[in-house]
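K.L.:
Got a predicted model here, sequence first, then my questions.
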Amino acid sequence: MLEVNSVIVRYGNRQILNQVDLHAENGKFVGIIGPNGSGKTTLVKTINNIIKPNAGSITVDGRSIDTMSSIEIAKNIAMVSQVISINFEFTVEDVVLMGRTPYIKGAETHEDMEIVQDAMKKTKILHLKDRFVTQLSGGELQKVIIARALAQDPKILILDEPTSHLDITNQIDILNLVKEASRKGMLVIAVIHDLNLAAYYCDKIYLIRDGDLISSGTPEEVLTPSNIKTTYNIDVEVINNQITNSLYVIPRLEPLSKQEPVVISELI
Amino acid sequence: MPKYSGSVRSVIIALAVILLIVVVSNTAIGTTNISPVLTAKIIYMGLLEWVQGTILWTLSLTGIPFDGSAFFNSISPDVTWTDGQEMIIMGIRLPRVLLAALVGAALATAGCSMQGLLKNPLADPYIIGMSSGAALGAAIGFTLLLPIQLISFIFATITIFVVYNISKVGGKVPVDTLLLAGIAISFFLSALTSFFLFFSESLHQIIYWMMGGFWNASWDKVKITLVIVFTGILLSYRHSWNLNVMLLGEEQAQSLGVNIESVKKQILVISALITAAAVSVSGIIGFVGLIIPHIMRNIIGPDHRGLLPASTLMGAIFLVLSDTFARTFPSKVQALLESSDIMLFQVILERIGSLQGVDLPVGIVTALFGAPFFIYLLRKRRKSLYA
């Protein structure tokens, strides 16, 4: 159970988050959407205590994260950020083992190694375990980072745009995996850019613009043409996708007519 | 104990054995010829006497009567050497070899920690101004006739504190700021050192000191350095896992529960202390702290659980070998020049005077051999060396 109450974050004079509230129970998949620069990443980093809020409170199961040590926070909250590459020749297993950092005193135990194995199994990267992370594709690497977060055995799993740079197969692979984790009782909070993926996977969506919470609720409540017009300033049609039985957001673009060939001399 | 992969463990064990062999064999090398076997016996005897002495002393405190001399005599080798030989080995060469090993170990460990902490392949133990601080201390010490070792240690330590506090922004120390502040302070301190050099009567001594060497090795220096360096190195090893996690980025490390600012501070202080301890007995020996960690990273990978101890051992080996070269090479050249009847050599010999017993600054040797080898590594490896 995560409660974010009227959190305010400022960088100098700029207000990045303006009294944002977020309440979510275990086992839910919560999406955070909004345009670039709206404060989504700041919000998730604040939840993870990487950024300290100027005002407001964040509690996990009723306990304020202010009162927790960094190790306690790490046992409760895991963060998966967009990792483009790791430049050091650690093996996949080593990187996943790093998820056990808050639990390891001195040296890792047999139990730690079992949890690591399990996390790699769940993310289907067990066959990569002795490979160097420098040799992985973007999708594989992202799975390694998720396995590391799972090895952290958190109550809350935060993902900051985990799939934006991945191909469609990997996007779906990874979101399915995370969805599975939420079904098993983990609270998942994901910053997602693709509105349709958000509509399909999320139980609850928070829509943010310029640090203000514009709307929150089920995908049906949040993803309305008027909300999207206010935040993204584009006209959309929202339909019910029969195939996935979820909402589908279609930008109302003018159909591209056959264009007259451009005469270069005119441009000059 | 941390988990090493099998190959890493064997590399470390091999390095430890090599270090032992290097220490003994290099103690045997010098102007007076003493065979390695005899050297080993003399060292073994010295060690036995020390152990026996320590045991007796400890027991005398507790009041338990114990006479282990029979036992110790039974495991002692027969004395087949002269007092003079013992004096050369135990009094002169061994402390020097051990001091070189300790300084090499300290510099390589500190360099490895700094490269990991700053995530910068150019980092070495001196990068944030420690050497400039120590040099200024030595310059002041030589000029005002103060104890050099103490004052350069103090100056090196103060420098780190100043740099750290300059870089602190709102309770955090951003790595880039730390590096830049270190460089700025280095320039400032170097200017002060030059100022002293310009006016000092002890110009020669200061410059010799700055080139680095083990001319003044003594058992006292070995003991002080041993205590600081050994403790510091062990404390560094405690952070090897944190260094690994921090290589993936500070934010990730933080969300994995690593208290990064505290770890940073601890590693900086530990590295500063062992570097200061090393510099204060040996002067400024470059290159060891930079290349040894790179070479070991190239061999066993970036995992600091193996990388740190391997760097420690390799640093010790490398500096012992370099120092042996520094103290024996000039005499060898002399012999070569004398035995040759090429006219040019005779002329050279006349111009430079005698090389017999000349002791090169070891800093020259480390860079002279280290740099080409490092360039070879850079060229051999296709991808970036720092990974």
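P.N.:
Nice, thanks for sending it over.
K.L.:
Report the separation between the residue of the stretch 1-150 of chain A found nearest chain B and residue B:263.
P.N.:
The minimum distance from the stretch 1-150 of chain A to chain B, using C-beta to the nearest C-beta, falls at residue A:74 (2.9 Å). Glycine gets a C-beta too; all of them are placed from N, C-alpha and C. Distance check for residue A:74 against residue B:263: by C-beta to C-beta, to the nearest Å, it reads 14 Å.
K.L.:
And the two? Which one has more around it.
P.N.:
Set side by side, residue A:74 and residue B:263 give different neighbour counts by other C-beta atoms under 10 Å in any protein chain shown, the larger being at residue A:74 (26 against 18).
K.L.:
I'd assumed that one was in a helix, is it?
P.N.:
Yes. Under DSSP: H, G, I helix; E, B strand; the rest coil, residue A:74 falls within a helix.
K.L.:
hang on, isn't it packed against residue B:255?
P.N.:
Yes. In this structure, residue A:74 sits in contact with residue B:255. The criterion is C-beta atoms under 8 Å, and the distance is 6.5 Å.
K.L.:
quick one: low-confidence parts of chain A?
P.N.:
Along chain A, the model assigns pLDDT under 70 to residues A:258-268.
K.L.:
Point out the other helices and strands that the longest helix along it packs with.
P.N.:
Using DSSP state H to define each element, chain A has its longest helix at helix A:168-183. Secondary-structure packing of helix A:168-183 (3 or more C-beta pairs under 8 Å, 6 or more residues apart in numbering or on different chains; DSSP states H and E): strand A:29-33, helix A:110-122, helix A:138-151, strand A:156-160, strand A:187-191, helix A:195-201.
K.L.:
show me what contacts the residue of the stretch 151-268 of chain A found nearest chain B?
P.N.:
When C-beta to the nearest C-beta is the measure, the stretch 151-268 of chain A has its nearest residue to chain B at residue A:152, with 7.0 Å between them. For residue A:152, the contact set (C-beta atoms under 8 Å, 6 or more residues apart in numbering or on different chains) comprises A:74-75, A:78, A:99-102, B:256.
K.L.:
what's the closest of those to residue B:32?
P.N.:
residue A:101 (54.4 Å; C-beta to C-beta).
K.L.:
if I pick that closest one, what's in contact with it?
P.N.:
Contacts for residue A:101 were tallied using C-beta under 8 Å, 6+ apart; they are A:74, A:152, B:241-242, B:245, B:256-258.
K.L.:
can I get those in TSV with secondary structure and distance to residue A:175?
P.N.:
Compiled in TSV, the contacts of residue A:101 are given as follows (DSSP: H, G, I helix; E, B strand; the rest coil; distance: C-beta to C-beta, whole Å):
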residue	secondary structure	distance to residue A:175
A:74	helix	24
A:152	coil	19
B:241	helix	31
B:242	helix	32
B:245	helix	26
B:256	coil	23
B:257	coil	26
B:258	coil	28
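K.L.:
can I get the residues you listed in CSV with distance to residue A:213?
P.N.:
Putting the contacts of residue A:101 into CSV (distance: C-beta to C-beta, whole Å) gives the following:
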residue, distance to residue A:213
A:74, 27
A:152, 28
B:241, 39
B:242, 37
B:245, 34
B:256, 29
B:257, 29
B:258, 32
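K.L.:
Would you point out the most distant pair within those?
P.N.:
Distance extremes for the contacts of residue A:101: the farthest pair is A:152 and B:242 at 15.6 Å, using C-beta to C-beta.
K.L.:
what are the ranges of the helices in the stretch 1-150 of chain A?
P.N.:
Applying DSSP state H, counting those that start in this stretch to the stretch 1-150 of chain A gives helices spanning A:40-47, A:70-76, A:92-97, A:110-122, A:138-151.
K.L.:
For the longest one, which helices and strands make contact with it?
P.N.:
This means helix A:138-151. Using 3+ C-beta pairs under 8 Å, 6+ apart as the contact definition, the elements that helix A:138-151 packs against are strand A:77-80, helix A:92-97, helix A:110-122, strand A:156-160, helix A:168-183.
K.L.:
Pull up the pairing partners for the fourth one, direction included.
P.N.:
Going back to what we said before, that points to strand A:156-160. In the sheet containing strand A:156-160, the strands it pairs with under DSSP bridges are strand A:77-80 (parallel), strand A:187-191 (parallel).
K.L.:
Indicate which one of the ones you listed is closest to residue B:96.
P.N.:
strand A:77-80 (52.0 Å).
K.L.:
May I have the closest one as PDB, with CA atoms only?
P.N.:
Taking only C-alpha atoms (Å, rounded to 0.1, in the frame of the first residue of the first chain), the coordinates of strand A:77-80 have been written out as PDB:
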ATOM      1  CA  ILE A  77      10.800  -0.400  -3.300                       C
ATOM      2  CA  ALA A  78      12.700  -1.400  -6.400                       C
ATOM      3  CA  MET A  79      13.300   0.800  -9.300                       C
ATOM      4  CA  VAL A  80      13.800  -0.100 -13.000                       C
END
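K.L.:
Residues contacting it, please?
P.N.:
Residues contacting strand A:77-80 (C-beta under 8 Å, 6+ apart): A:44-45, A:47-50, A:60, A:65, A:99, A:142, A:145-146, A:148-150, A:152, A:154-160, A:162, B:251-252, B:255.
K.L.:
same check, this time on stretch A:49-58
P.N.:
The set of residues that contact stretch A:49-58 without belonging to it, under C-beta under 8 Å, 6+ apart, is A:2-10, A:17, A:19-20, A:42, A:45-47, A:64-66, A:68, A:70, A:73, A:77, A:79, B:251, B:254-255.
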